[in-house]
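1. Sequence and predicted structure below; questions after.
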Amino acid sequence: MWADLARVLRLWGPRRRSLVAALFVAMGSALSGVALMALAGQGVAAGITAGGVFGLAAIVWVRPMVLLRPAFRWWERMASHAAAFRALADTRVWFFGRLAQRMPGGIGLRGSGDLLGRIIGDVDALDRLYLGGILPACAGFAVLVAIAALLAGEPWLMLLVVLPLLLALSLPLLLAPAAARAAHVAAERRGLLRAAAVDPLAGLEDTLAANAEGRVLARLQSADASLMQGQRALARRSAVAGATGGLLTQLAILAALGWGLTHGSAAAGMVVLSLFLAVAAAEALGLMPRAGAALAAAGAGARRLFEAADTAPPVAEPAAPAPLPKGNELVLQGVTFGWRADALVLEGLDLTLREGERVAILGPSGAGKSSLAALLQKLVAPSAGTIRLGGADIGGLAAAQLRTRIICLSQQARLFDDTIAANLRIAAPDAPDAALWRALVKAGIADHIRSLPEGLATLCGEGGARFSGGEARRIALARALLPPSAILILDEPTAGLDAEAEQAFLATLATACEGRSLLLITHRLTGTEPLDRVLRLAGGRLLQATA
Amino acid sequence: MRQARGQAGRVALPIVLGLGVALCQIALAFLIARLLVTLLGFQGGGWNELALAGGLMLLSAGLGLAQEMAQQSAGETARARIRAELFARLLELGPADPRGVGEKASLLVDRVEALDGFFARWIPAMALAVLAPAMVAIAVWQADWVSALVLVCMGLLVPVAMALTGIGAALEARKQLDVLGRLSGRFVDRLRGLSTLVQFNRTEDEARALGVAAEEFRWRTLRVLRVAFLSSATLELLSAFTLGYLAWRHGALMTTRDAADPTMALFCILMIPGFFAPLRAFSAAYHEAMSARGAAAEIAPLLEAPPAEGLLLEEVPHRVALVFNEAELHYPGMPRPALSRLTFALAPGETLMLVGPSGAGKSSVLRLLMGFERPTAGRIAINGQDVTRLKPAELRRLSSYVGQRAHLFGGTLYENIALARPGATKAEVIRAAESARVMSFAARLPKGLDTLVGEGGFGLSGGQAQRVALARAFLRDAPLVLLDEPTASLDPGTEAEVMAAIAKLCMGRTAVIATHSAALMGLPGRVIELGETKLASAHVG
């Protein structure tokens, strides 16, 4: 855990200055709280013992502190949040770049669908490392040092007050590893609950067909109960830590009073001072033991983040990439591939896609059609067999260059929360508006966009939510048509469209592709597609389709 | 937040315990004041008081601990109930609900978890923010009514100050904080579309743009936070002002009016942190309540919708006669009905094959018979009874259904088959597995029928999964068999094998089979072609 957190701190290195500056502000803020309480205590004590220049001065000084304290507190929070946001933004950018290298096919291309959700949550949890761990610890430490300095005149009193507070400050370090284990158990059980919810919902028709509603509900409830048991253990830890923190600060108060009782009224001034100091410290230090939980959460988050960021890239880039070949004929020979070693999806697949040819590949979901698209994009590598473009093995080509030649409109193709123009220019950053319109015309969506009041500047919404499924697919198609690639792969381009939209979409393909090779991957044909050949993928191989 | 009702008992316990903690703090402040006074040379307490204070500290810590655990348990009970209700509701809605699996799972898991703050912390914090300061004020009143008045005024100023710094603005700020503050909007959007960016070689540009956007978001967020933090700074200011004023007042009182017992003066000052602590907790719980409210807004419409109604089935009949009379299925917002005006009658034991292009309504017929959808017009009758009078779950008891894409649940092959009839004996399950030709591949698996399949288990091919689903249908032994493109995911070799199994399954049962080609099925029975020229009825075999 500590190693992962240290790595996070190293990532934050460039923001060292603002992070450290905010720490100093936090210390000043905590000290102003101590000063306010100490001055108020002194003033009262002086009043009670009737006079003393120090007492009157204390009362006078309380007034500016009344204003200084909230101002300091506000400044602390602004400075610390500003610094933390900067550091977190850096982490996001770093992480984004790493994932782009290591998971080019997208997060959760294969495997658990909640990986993305977890990653987002984990990055957000990292701010607790700074705001919930380092920052309060530094403030608490400053308070402790100030108390020790103020009470230095009476070493025994100082020790009696400072020792319990020091223990409260260091408790998170002692509690964090155990809290991390408890947090791990709770996180694992949350995963089990998710599985208990997802499995019956993913197979909803089969669940209902078996009249299994009661049984899956019982399973969900038992997973829920076990998650709550784990959360209760975690909550108990946090509550005990909180209670211990409170007790320790109160112990400092008791110790000061006890010391006073043994020393008589001569020492009253020091006791009052230390008492008020301890009360002030309670605010800064009383919550520290709970920081252990924050540290544990940040540590667990960091571990998962680095695990994802450190996965090996699926396809190694060639050390000396060969130049792109002239020809565009695509030849697959004996290609074998499986997402897992024990379950092959493609077994000895052969396919030739001649230049300008339009071929459809049919097959039910799970037959390996999307694997084929991923292979051609170099998102994964075949375990056996070769893929050649214009005679050159694509393993020896740079992936970025290959992707300028072969463009795939995948099922995951996403419209970003930006304007239509910006979404299109992802494919060709320098394209003029005229080129955007040409692509939109080919995709059969230009008229619709012209009718929008803001035209190309219309915002698409997250995931293209502003548009219907068919419109969004057409904009994505226009984006894929924008660059002059030689080969176009359309992977289930009509998934999620109703039958009418599907037919209209496929009918535009002839104008859309004009001259490019087309590989249309779909689970069924409507008969309106302009195709040269239809192949059927079954048993990991391609067969001539019968219908 | 209707779910909060009926939780009164659960929520009362943490509030009572919290008040106990406040009482302890009051007594403790009094004892400490007495001890201090003793040190200053007045008549007061001694070691006994110190011991008593120590005891009170332990008691207060214990009560605090109990309060937290009680809050946890209140949150647990509420979440468990809502989660179970929500899941039952989602199952009831069935495939008609347009939400994706991911969205449903996030509702069930994450959104329900987000409600925790509301039940566990917000409700108690809200009550304690009124009750505990009131208790403190009453105690202080006994000592010095002016101090009490100052406390009460300051306490009342807290909501006023919050309103002045703009509780509305703060509210808006919190919302914005959720969206922008996490800086994640754009980040998440781009992360979701990572493969698209990789496709167009734009990841580096996008990372740079993310950095720029993050900087902009940072400014906007900080502008919002400036106001949000101001309201908490006001709380700080009020508490500091109270402390300063009371210290000044009691300090001055003591110097002018000598020899009065100063215990009460010290008590008043020592009570200040205790007075403001519940108000601080309230403002901390506020954010959680806001995010819980967002979650509740998504969940509430689902829970509040009326549950499905209908009759229960006394017993499953042995033979089923089926009549469609002008039955139509029209999804709202669609230009054309998914199934338009279909009429046919099927005698017990007869097999019907529905053919036609995709989108002609073949699956719709099956979905209607499974109760996933209700006909928008016309009538469907089973053995003369209108199916819409039955509860959908009861209607499903009549049929064995094999969909286009068989789902394998996490578990063993055996469990996956036994799912169809929980009471089945081992021999019956094995017989069903043999009939559906599951045994022919199960025998080669590492642990036979006990091999783990589904999520995280052994990967089966689409055709193998289809045969498991058929085994379920054999085991279920229902009078009505509904098959949706049962051989679509099979290679020609397995197709023939599975067809033989299907023929066996349909024997003696009423069957409706959706298929792209009746000839391929090679089954005897009636054929209805759906599509433009609807109702071309013919016989094959």
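-> Now that the structure is in, tell me what you want to look at.

2. pretty sure B:Val101 contacts A:Leu201?
-> Yes. Counting by CB atoms under 8 Å, B:Val101 sits close enough to A:Leu201 to count as a contact (5.0 Å). For the C-beta atoms, the positions are set from N, CA and C on the backbone; glycine is no exception.

3. Looking at the two, which has the bigger crowd around it?
-> Using other CB atoms under 10 Å in any protein chain shown, the more surrounded residue of B:Val101 and A:Leu201 is A:Leu201, with 23 against 16.

4. In contact with the more buried one, which residues?
-> Applying CB atoms under 8 Å, 6 or more residues apart in numbering or on different chains to A:Leu201 gives the contacts A:207, B:90, B:101, B:104-105.

5. quick one, domains of chain A?
-> Split into domains by automatic domain parsing, chain A comes to A:2-102+A:114-182+A:243-309, A:330-544.

6. which other helices and strands contact the top helix by length along chain B?
-> Using DSSP state H to define each element, chain B has its longest helix at helix B:203-256. The contact analysis (3 or more CB pairs under 8 Å, 6 or more residues apart in numbering or on different chains; DSSP states H and E) places helix B:203-256 against helix A:16-48, helix A:53-102, helix B:145-164, helix B:167-176, helix B:184-192, helix B:194-199, helix B:263-304.

7. just these: most buried one?
-> When the helices and strands packed on helix B:203-256 are scored by mean count of other CB atoms under 10 Å in any protein chain shown, the highest mean neighbour count falls to helix B:194-199 (a mean of 24).

8. give the contact list for the nearest residue to B:His407 once chain neighbours are set aside.
-> Spatial nearest neighbour of B:His407, excluding adjacent residues (CB to CB, 6 or more residues apart in numbering or on different chains): A:Gly203 at 2.7 Å. A:Gly203 makes contacts with B:407-409, as judged by CB under 8 Å, 6+ apart.

9. Torsion angles phi and psi at A:Gly203?
-> When read as degrees, to the nearest 10, the backbone of A:Gly203 gives phi -110, psi 50.

10. do the one 5 residues further on as well
-> In terms of degrees, to the nearest 10, the main-chain angles of A:Leu208 are phi -70, psi -40.

11. Any figure for the gap between it and chain B?
-> 6 Å (CB to the nearest CB, to the nearest Å).

12. what pLDDT does that residue get?
-> With respect to pLDDT, A:Leu208 has a value of 90.

13. I figured it hits B:Leu91, correct?
-> Yes. Using CB under 8 Å, A:Leu208 is in contact with B:Leu91, at 7.0 Å.

14. any shared contact partners between the two?
-> Residues touching both A:Leu208 and B:Leu91 (CB under 8 Å, 6+ apart): none.

15. ok, and the helix or strand in the chain with the lowest average confidence?
-> Unless you meant another one, I'm taking chain A. Ranked by mean pLDDT, DSSP states H and E, the weakest helix or strand in chain A is helix A:115-125, scoring a mean of 67.

16. Identify the residues contacting the closest residue in space to A:Pro14 that isn't next to it in sequence.
-> Closest residue to A:Pro14 apart from its sequence neighbours, by CB to CB, 6+ apart: A:Asp90 at 6.7 Å. By CB under 8 Å, 6+ apart, the contact list for A:Asp90 reads A:11-12, A:14-15, B:211.

17. Can you tell me the closest non-neighbouring residue to residue 414?
-> Chain wasn't specified; assuming chain A. B:Gly193 is the one closest to A:Arg414 (CB to CB, 6+ apart), at 3.3 Å.

18. You answered for a different chain; I wanted chain B.
-> B:Leu449 (4.3 Å).

19. again, but for A:Cys408
-> Sequence neighbours aside, A:Ile489 is the residue nearest to A:Cys408 in space, at 4.1 Å (criterion: CB to CB, 6+ apart).

20. For the residue nearest in space to the middle of chain B, give me phi and psi.
-> In chain B, the centroid-proximal residue (CA atoms, centre = their mean) is B:Leu108; its distance is 2.3 Å. Main-chain torsions, B:Leu108, degrees, to the nearest 10: phi -70, psi -40.

21. Now do the longest helix of chain B, average pLDDT.
-> Average pLDDT, helix B:203-256: 77.

22. Stretch B:513-530 too?
-> 77.

23. Then stretch B:134-144?
-> Rounded mean pLDDT across stretch B:134-144 is 89.

24. quick one: that stretch to chain centroid distance?
-> 44 Å (CA atoms, centre = their mean, to the nearest Å).

25. so where's the stretch 251-400 of chain A shaky on pLDDT?
-> Scanning the stretch 251-400 of chain A for pLDDT under 70 picks out the ranges A:340-343, A:364-367.

26. list the contacts for A:Pro483?
-> A:404, A:407, A:427-428, B:200.

27. In helices, which of those residues appear?
-> A:Thr404.

28. B:Ala418 contacts B:Thr425, doesn't it?
-> No. With contact defined as CB under 8 Å, B:Ala418 does not count as touching B:Thr425 (9.7 Å).

29. Between these two, which is the more surrounded one?
-> A count of neighbours by other CB under 10 Å puts B:Ala418 above the other of B:Ala418 and B:Thr425, at 24 against 10.

30. Neighbours of B:Gly378, how many?
-> Count around B:Gly378 with other CB under 10 Å applied: 17.

31. same deal with A:Ala223?
-> The burial count for A:Ala223: 20, using other CB under 10 Å.

32. so it sits in a helix?
-> Yes. Using DSSP: H, G, I helix; E, B strand; the rest coil, the assignment for A:Ala223 is a helix.

33. wait, it sits on A:Leu192?
-> Yes. Counting by CB under 8 Å, A:Leu192 is a contact partner of A:Ala223 at 5.2 Å.

34. so what's A:Gly515 up against?
-> Per CB under 8 Å, 6+ apart, neighbours of A:Gly515: A:Gly356.

35. Could you do B:Ala473 as well?
-> Counted by CB under 8 Å, 6+ apart, B:Ala473 has contacts B:400-402, B:420, B:436, B:481, B:483, B:505.

36. Tell me how many other residues crowd the closest residue to it other than its chain neighbours.
-> Spatial nearest neighbour of B:Ala473, excluding adjacent residues (CB to CB, 6+ apart): B:Ser400 at 3.7 Å. For B:Ser400, the tally of surrounding residues (other CB under 10 Å) stands at 26.
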